[in-house]
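# sharing a model that was predicted from the sequence below.
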Amino acid sequence: MADQPTRATYDIGQHPDIAALRARYDMAAQQPTGQSVSGVAFLSGLYLAISPWVVGIFGHTTLAINNLITGIAVVLLAAGIASANGRFHSLAWTLPIIGVWTIITPWVLPPHGAGASTIINQIITGAVILLAGLACASLGMMAKRRGGRPR
(Lines give C-alpha, C1' and ligand atoms only; values in the text may rest on other atoms or scores of the structure.)
Protein backbone atom coordinates (compact mmCIF):
# COMPACT_ATOMS: atom_id res chain seq x y z
CA MET A 1 0.00 0.00 0.00
CA ALA A 2 1.20 3.41 -0.88
CA ASP A 3 1.44 6.00 1.79
CA GLN A 4 -1.55 8.25 1.60
CA PRO A 5 -1.25 11.81 2.75
CA THR A 6 -2.86 12.25 6.11
CA ARG A 7 -5.37 15.00 6.47
CA ALA A 8 -5.87 16.83 9.67
CA THR A 9 -9.42 16.36 10.84
CA TYR A 10 -11.10 19.47 12.05
CA ASP A 11 -14.12 19.58 14.32
CA ILE A 12 -16.36 22.42 13.16
CA GLY A 13 -17.87 22.56 16.65
CA GLN A 14 -14.55 23.89 17.91
CA HIS A 15 -14.42 26.74 15.41
CA PRO A 16 -14.14 30.10 17.25
CA ASP A 17 -17.19 31.56 15.50
CA ILE A 18 -19.36 28.58 16.42
CA ALA A 19 -18.13 28.67 20.00
CA ALA A 20 -18.88 32.41 20.23
CA LEU A 21 -22.35 31.87 18.76
CA ARG A 22 -23.14 29.12 21.28
CA ALA A 23 -21.86 31.31 24.12
CA ARG A 24 -24.11 34.18 22.97
CA TYR A 25 -27.16 31.91 22.85
CA ASP A 26 -26.36 30.42 26.25
CA MET A 27 -25.93 33.90 27.74
CA ALA A 28 -29.26 35.01 26.26
CA ALA A 29 -31.03 31.92 27.61
CA GLN A 30 -29.68 32.55 31.13
CA GLN A 31 -31.18 36.05 31.29
CA PRO A 32 -34.61 36.51 32.92
CA THR A 33 -36.28 37.05 29.54
CA GLY A 34 -34.85 33.82 28.17
CA GLN A 35 -35.81 31.85 31.25
CA SER A 36 -39.34 33.29 31.19
CA VAL A 37 -39.84 32.41 27.53
CA SER A 38 -38.52 28.89 28.06
CA GLY A 39 -40.75 28.55 31.12
CA VAL A 40 -43.84 29.60 29.19
CA ALA A 41 -42.97 27.11 26.44
CA PHE A 42 -42.40 24.38 29.04
CA LEU A 43 -45.69 25.03 30.84
CA SER A 44 -47.68 25.27 27.61
CA GLY A 45 -46.21 21.94 26.47
CA LEU A 46 -47.07 20.40 29.83
CA TYR A 47 -50.63 21.71 29.52
CA LEU A 48 -50.88 20.41 25.96
CA ALA A 49 -49.85 16.96 27.16
CA ILE A 50 -52.49 16.86 29.90
CA SER A 51 -55.20 18.78 28.02
CA PRO A 52 -57.11 15.66 26.92
CA TRP A 53 -57.89 15.00 30.58
CA VAL A 54 -58.46 18.67 31.45
CA VAL A 55 -60.78 19.56 28.57
CA GLY A 56 -62.23 16.09 28.08
CA ILE A 57 -61.18 15.15 24.56
CA PHE A 58 -62.24 11.56 25.12
CA GLY A 59 -64.29 11.12 21.94
CA HIS A 60 -61.28 12.09 19.85
CA THR A 61 -58.63 9.48 20.64
CA THR A 62 -56.38 10.56 17.77
CA LEU A 63 -56.40 14.16 18.97
CA ALA A 64 -55.75 13.10 22.57
CA ILE A 65 -52.75 10.97 21.58
CA ASN A 66 -51.50 13.78 19.33
CA ASN A 67 -51.72 16.29 22.20
CA LEU A 68 -49.88 13.94 24.54
CA ILE A 69 -47.02 13.31 22.10
CA THR A 70 -46.63 16.89 20.88
CA GLY A 71 -46.93 18.20 24.44
CA ILE A 72 -44.09 15.95 25.58
CA ALA A 73 -42.04 17.09 22.59
CA VAL A 74 -42.59 20.76 23.50
CA VAL A 75 -41.64 20.06 27.13
CA LEU A 76 -38.40 18.36 26.09
CA LEU A 77 -37.50 21.09 23.59
CA ALA A 78 -38.24 23.87 26.10
CA ALA A 79 -36.17 22.14 28.76
CA GLY A 80 -33.31 21.73 26.30
CA ILE A 81 -33.51 25.36 25.24
CA ALA A 82 -33.56 26.51 28.86
CA SER A 83 -30.58 24.39 29.87
CA ALA A 84 -28.36 24.46 26.77
CA ASN A 85 -29.65 27.05 24.33
CA GLY A 86 -26.38 27.11 22.39
CA ARG A 87 -26.87 23.44 21.51
CA PHE A 88 -30.66 23.44 21.13
CA HIS A 89 -31.09 26.78 19.37
CA SER A 90 -31.10 25.11 15.97
CA LEU A 91 -34.18 23.11 17.08
CA ALA A 92 -36.11 26.12 18.40
CA TRP A 93 -37.76 26.62 14.99
CA THR A 94 -39.77 23.44 15.58
CA LEU A 95 -41.76 25.02 18.42
CA PRO A 96 -43.67 27.46 16.16
CA ILE A 97 -44.41 24.61 13.77
CA ILE A 98 -45.81 22.54 16.63
CA GLY A 99 -47.88 25.58 17.64
CA VAL A 100 -49.38 25.87 14.16
CA TRP A 101 -49.98 22.11 14.08
CA THR A 102 -51.78 22.31 17.43
CA ILE A 103 -54.07 25.04 16.07
CA ILE A 104 -55.11 23.09 12.96
CA THR A 105 -55.41 19.59 14.46
CA PRO A 106 -59.16 19.73 15.27
CA TRP A 107 -59.86 20.07 11.55
CA VAL A 108 -57.10 17.82 10.23
CA LEU A 109 -57.14 14.75 12.46
CA PRO A 110 -60.04 12.29 12.30
CA PRO A 111 -62.73 12.10 13.57
CA HIS A 112 -63.76 15.58 12.48
CA GLY A 113 -66.34 17.63 14.31
CA ALA A 114 -64.59 18.58 17.53
CA GLY A 115 -66.62 20.55 20.05
CA ALA A 116 -66.25 24.24 20.73
CA SER A 117 -64.26 23.71 23.95
CA THR A 118 -61.80 21.46 22.15
CA ILE A 119 -61.33 23.93 19.31
CA ILE A 120 -60.85 26.88 21.66
CA ASN A 121 -58.39 24.86 23.75
CA GLN A 122 -56.36 23.91 20.68
CA ILE A 123 -56.30 27.46 19.28
CA ILE A 124 -55.24 29.12 22.53
CA THR A 125 -52.64 26.48 23.42
CA GLY A 126 -51.27 26.46 19.87
CA ALA A 127 -51.04 30.25 19.80
CA VAL A 128 -49.12 30.31 23.10
CA ILE A 129 -46.70 27.63 21.83
CA LEU A 130 -46.32 29.50 18.51
CA LEU A 131 -45.48 32.81 20.23
CA ALA A 132 -43.20 31.18 22.81
CA GLY A 133 -41.45 29.29 20.02
CA LEU A 134 -40.88 32.46 18.02
CA ALA A 135 -39.50 34.13 21.15
CA CYS A 136 -37.20 31.15 21.86
CA ALA A 137 -35.95 31.19 18.29
CA SER A 138 -35.15 34.89 18.52
CA LEU A 139 -33.24 34.77 21.83
CA GLY A 140 -29.81 34.76 20.22
CA MET A 141 -30.79 37.50 17.80
CA MET A 142 -31.84 39.74 20.68
CA ALA A 143 -28.35 39.42 22.13
CA LYS A 144 -26.80 40.31 18.78
CA ARG A 145 -28.94 43.45 18.39
CA ARG A 146 -27.93 44.66 21.85
CA GLY A 147 -24.26 44.45 21.09
CA GLY A 148 -23.71 40.98 22.51
CA ARG A 149 -25.11 41.85 25.93
CA PRO A 150 -28.55 40.27 26.44
CA ARG A 151 -30.66 41.76 29.20
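Everything's here; your move.
# from here on, just use CA atoms for contacts and neighbour counts.
OK.
# could you list the low-pLDDT ranges of this structure?
By pLDDT under 70, the weakly predicted segments of the chain are 1-32, 34, 85-87, 140-151.
# show me where the protein has helices.
16-30, 32-51, 61-83, 85-88, 94-108, 116-137, 139-145 (DSSP state H).
# with mean neighbour count as extra columns, can I get those helices in CSV?
Putting those into CSV (neighbours: other C-alpha atoms under 10 Å) gives the following:
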stretch, mean neighbour count
helix 16-30, 19
helix 32-51, 21
helix 61-83, 21
helix 85-88, 22
helix 94-108, 20
helix 116-137, 20
helix 139-145, 18
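# what's the end-to-end length of stretch 45-61?
Using C-alpha to C-alpha, to the nearest Å, the end-to-end distance of stretch 45-61 comes out at 19 Å.
# what residues does that stretch touch?
Stretch 45-61 is contacted by residues 63-64, 67-75, 110-111, 114, 117-118, 121, 125, 129 when judged by C-alpha atoms under 8 Å, 6 or more residues apart in numbering.
# stretch 95-114 too?
Applying C-alpha under 8 Å, 6+ apart, the set of residues contacting stretch 95-114 from outside is 60, 62-63, 67, 70, 74, 77, 118-119, 122-134.
# how about 6 Å then?
Stretch 95-114 has contacts (C-alpha atoms under 6 Å, 6 or more residues apart in numbering) with 122, 123, 126, 129, 130, 133.
# from those residues, which is closest to residue 89?
residue 133 (10.7 Å; C-alpha to C-alpha).
# wait, what's in contact with that closest one?
Residues in contact with residue 133 (C-alpha under 6 Å, 6+ apart) are 95, 96.
# next one: residue 69
Here residue 69 is in contact with no residue (C-alpha under 6 Å, 6+ apart).
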